[in-house]
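In: output the structure for:
(one chain, ligands or ions: 2)
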Amino acid sequence: MGSMHTGLEERHDWPALTRFYAARAKGGAALLITGGIAPNPEGAVFQGAAELTPDTISHHQNLTAQVHQHGAKIVLQILHAGRYAFSPACVAPSALKSPISPFPPAELTEESLQKQLHDIATTAQAAIAAGYDGVELMGSEGYLINQFLSPRTNRRQDRWGLDRRLFAREATRLTRAAIGEALLIYRISLIDLVEGGQSWEDIAALAQELSPLVDLFNSGIGWHEARLPTIAQNVPRGAFVHLTQRLKSITPVPVVAVNRIPVPELAERIVASGQADAVSLARPLLADPDWPIKAQTGRRITPCIACNQACLDHTFEGKAATCLTNPAAGREAEFDAAPATPRRIAVIGAGAAGLACALTAARRGHKVTLFEAAEEIGGQMRLAAKIPGKEEFQTLLNFYAAEIAEERIDLRLGLRARAQDLAGFDATVIATGVVPRKVPLAGVDYQQALTGAPLGARVAIIGAGGIGFDVASFLIGPTDFATEWGLGDPAIRPGGLAPPQPAETARQIWLLQRKPGKPGRGLAKTTGWIHRAHLAAHGVTMLGGVDYLGQDSQGLHILRDGQPETIPATDLVICAGQESLCDLQGDHVIGGARDARGIDAKRAIEEGTRLGLAL
Ligand code: NAP
Ligand code: SF4
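Out: Ligands and ions are numbered 1, 2, ... in the order given. Below is the predicted model:
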């Protein structure tokens, strides 16, 4: 299990954190790497981020003991954020501010540099005392060690700059000395994905220098300030494994492949074909703590759809991480599923909320009938799966379909339930979802657009929320990740960037909102920039502050900044939000049917799961 920040560390919620790791160890992960732990306050990702302090050692000892009980090993990741530390106390090789941080770092003096090395080694030693089987040094993702390695961030003229690999070597050497024979993993940046990043020559030289000191190389892909997505849904599965394979060819040390390896078939192929010696899963183990055991025994795995919505987005919003497909993640005790006294339950609507409720209730022993007006399950998620880059939603729908069959849920497709259909049930759950909001403009709604309504060469999208952006992506069509984003090769260009070459888009697209300012500001924290960049790269005109005046054969007439304009659109797609669809009486109302504002799969699945546990 790869390192993930859960947010429980800073809440000092040791019982929840211990349960979280123990559940993954029980689920079959052989080696767990903790979320990053700062070696000192100046290296903390944010002020107050977790450190391994003497007063927490006993909690760590309990946590590691629980993990060991399940036969797994656990190592502590030491992460010094360098200039990424969100704090005025941040330090770096050179006084160069990161584009993603408001804080200019102080350049490390020789004395403070030695202190950083000392603190890293001391933390490693303390980790062993706390029961960890070893440590991982975070040498990638643009954090301190990576900052020393790259000419982009290391402009020093002393020995730490003239030999940019010296700090990484010293940190590794001192850590080895501090932990003796214990496991030492080094997470090596295989592609920085920033201008002025390392060349493959630099990376290979470092790997060779560190090989005698480390037990395992974990792969690191891209800096946090990279302008390429590295783990989002639109990144193809296994997109970076070729770099781990290249590392393997130059070191005798075992190597670990990472990023977008959500399913066992791919993991198996990577290891069996010799591309890597092991595979690291992070988010997939949030989605299903039993992933490894289920893979071994051929059982169905709750999929991670790489959405970032409940894990990374939560982390960046200062909330505890959990999972869209598995709302129990990180709060296992709250979601304990006790067997129920069986009752007959009717769930109306097989969208995200209804599916989660029906399955949770059925797993607890209830006899569930699931009504769905459409011919297929999925509701809004079925539409999401049609968006290029969001195909992982189909994996989730396939999972739900198989689970419905296994749990013997009586699924009635193509049946719009009426009041009389609900007689004879002990409890009824209304999960009928939402309908598109109507506006006084002639056009198709997003549901029609995504299910094949014919559209001309010039399309204006009314409404620029998540769905407006999705419809624009749908109209752009499938694209090639590497050429669109400029994924290159560090052996050809240091940093591994290539000139982005987005494909020509056949359609002219406008994305409009009434709110002033650029559309897309309200999109998710860790993925909004990807959607904005994708649309911009394909020439979508995104306009805010628009008043809709009306339409005629010339197109859509608007006022912008008080000035009249005509958008020569042949068609309009209305993405102006949604309204609850709730025309049946029931004992419980959940998801969009209860409240359409801000409804998404994350909230719907959580509401459905919680009700399924309470029924
Ligand atoms: P939304 O985010 O509320 O956006 C609705 C859009 O319609 C806004 O741009 C709004 O902008 C416009 N609008 C509202 N009333 C209007 C009216 N009467 N006339 C014209 N325009 C109007 O809703 P959504 O795009 O339908 O998304 C629904 C939910 O799905 C959201 O909560 C979102 O989180 C979720 N979702 C998430 C993702 C994702 O990538 N995470 C993707 C898709 C959907 P103005 O009022 O400024 O015109
Ligand atoms: Fe995966 Fe989304 Fe769950 Fe994160 S929230 S673990 S990306 S499914």
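In: up against ligand 2, what does the protein have?
Out: Contact residues (C-beta under 6 Å from any ligand atom) of the chain with ligand 2: 283, 286-287, 304-311, 323-325. All C-beta atoms are positioned from the backbone trio N, CA, C, and that covers glycine.
In: tell me the one of the residues you listed nearest ligand 1?
Out: Taking C-beta to the nearest ligand atom as the measure, ligand 1 lies nearest Gln309 of these, at 5.9 Å.
In: near ligand 1, which residues of the stretch 301-450 of the chain show up?
Out: Neighbours of ligand 1 within the stretch 301-450 of the chain, by C-beta under 6 Å from any ligand atom: 309, 437, 439.
In: give me the buried subset of those residues.
Out: Using 16 or more other C-beta atoms under 10 Å as the burial test, those include 309, 439 as buried.
In: switch the residues of the stretch 301-450 of the chain next to ligand 1 over to TSV; also include distance to Leu137.
Out: Listed next are these as TSV, based on distance: C-beta to C-beta, whole Å:
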residue	distance to Leu137
Gln309	30
Arg437	51
Val439	55
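In: switch the residues of the stretch 301-450 of the chain next to ligand 1 over to JSON lines; also include distance to Ser199, pLDDT and secondary structure.
Out: JSON lines is the format used below for these (distance: C-beta to C-beta, whole Å; pLDDT from 0 to 100; DSSP: H, G, I helix; E, B strand; the rest coil):
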{"residue": "Gln309", "distance to Ser199": "36", "pLDDT": "97", "secondary structure": "coil"}
{"residue": "Arg437", "distance to Ser199": "52", "pLDDT": "97", "secondary structure": "coil"}
{"residue": "Val439", "distance to Ser199": "53", "pLDDT": "96", "secondary structure": "coil"}
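In: closest to Ser580 among the residues of the stretch 301-450 of the chain next to ligand 1?
Out: Nearest to Ser580 among these: Arg437, at 10.6 Å, using C-beta to C-beta.
In: on that earlier part again, the residues of the chain next to ligand 2 in strands, which ones?
Out: Using DSSP state E, the subset of the residues of the chain next to ligand 2 located in strands is empty.
In: what's the first helix or strand after the lengthiest helix in the chain?
Out: Across the chain, the helix with the greatest residue count (assigned by DSSP state H) is helix 110-129. Next along the chain after helix 110-129, taking DSSP states H and E as the criterion, comes strand 134-139.
In: now do that following strand: distance to the chain's middle.
Out: With C-alpha atoms, centre = their mean, to the nearest Å as the basis, strand 134-139 stands 22 Å off its chain's centre.
In: ditto for stretch 364-372
Out: Distance of stretch 364-372 from its chain centroid, counting by C-alpha atoms, centre = their mean, is 31 Å.
In: go through stretch 58-73 and flag the buried ones.
Out: So, applying 16+ other C-beta under 10 Å, buried residues of stretch 58-73: 60, 62-64, 66-67, 70, 72-73.
In: what does stretch 449-469 give?
Out: Buried residues in stretch 449-469, counted by 16+ other C-beta under 10 Å: 449-450, 455, 458-469.
In: from those, which two are the most distant?
Out: Using C-beta to C-beta, those span at most 23.0 Å, a distance reached by Arg458 and Gly466.
In: out of the buried residues of stretch 449-469, name the ones that lie in strands.
Out: Cross-referencing the buried residues of stretch 449-469 against strands under DSSP E gives 458-462.
In: intersect the residues you listed with the contacts of ligand 1.
Out: Within those, those near ligand 1 by C-beta under 6 Å from any ligand atom are Ile462.
In: so which of the ones in strands among the buried residues of stretch 449-469 comes closest to Ala182?
Out: The shortest approach to Ala182 among those belongs to Ile461, at 55.9 Å (C-beta to C-beta).
In: quick one: average confidence on stretch 28-41?
Out: Averaging pLDDT along stretch 28-41 yields 97.
In: also stretch 225-234?
Out: pLDDT averaged over stretch 225-234 gives 96.
In: quick one: buried residues of it?
Out: 225-234.
In: got a list of contacts for it?
Out: Stretch 225-234 has contacts (C-beta atoms under 8 Å, 6 or more residues apart in numbering) with 98-100, 142, 192-194, 221-222, 235, 240, 259-260, 283, 305-308, 388-390, 392, 481, 485-487, 497, 526-527, 530, 533-534.
In: next structured bit after the helix or strand bottoming out on mean pLDDT in the chain?
Out: Every helix and strand of the chain was ranked by mean pLDDT, DSSP states H and E. The lowest is helix 312-316, at a mean of 93. Per DSSP H and E, helix 312-316 leads on to strand 344-348 as the next helix or strand towards the C-terminus.
In: which residues touch that next one?
Out: 354, 357-358, 361, 366-371, 417, 421-422, 424-432, 584, 586, 615.
In: C-alpha coordinates for stretch 408-419, PDB please?
Out: The C-alpha trace of stretch 408-419 is given here as PDB (Å, rounded to 0.1, in the frame of the first residue of the first chain):
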ATOM      1  CA  ARG A 408     -30.300 -11.600  -5.100                       C
ATOM      2  CA  ILE A 409     -31.800  -8.100  -5.200                       C
ATOM      3  CA  ASP A 410     -35.100  -8.200  -7.100                       C
ATOM      4  CA  LEU A 411     -34.200  -5.700  -9.800                       C
ATOM      5  CA  ARG A 412     -37.200  -4.300 -11.800                       C
ATOM      6  CA  LEU A 413     -35.800  -2.400 -14.800                       C
ATOM      7  CA  GLY A 414     -38.000  -0.300 -17.100                       C
ATOM      8  CA  LEU A 415     -40.600   0.100 -14.400                       C
ATOM      9  CA  ARG A 416     -41.600   3.500 -13.200                       C
ATOM     10  CA  ALA A 417     -42.900   2.500  -9.700                       C
ATOM     11  CA  ARG A 418     -46.400   3.800  -8.700                       C
ATOM     12  CA  ALA A 419     -47.800   4.100  -5.300                       C
END
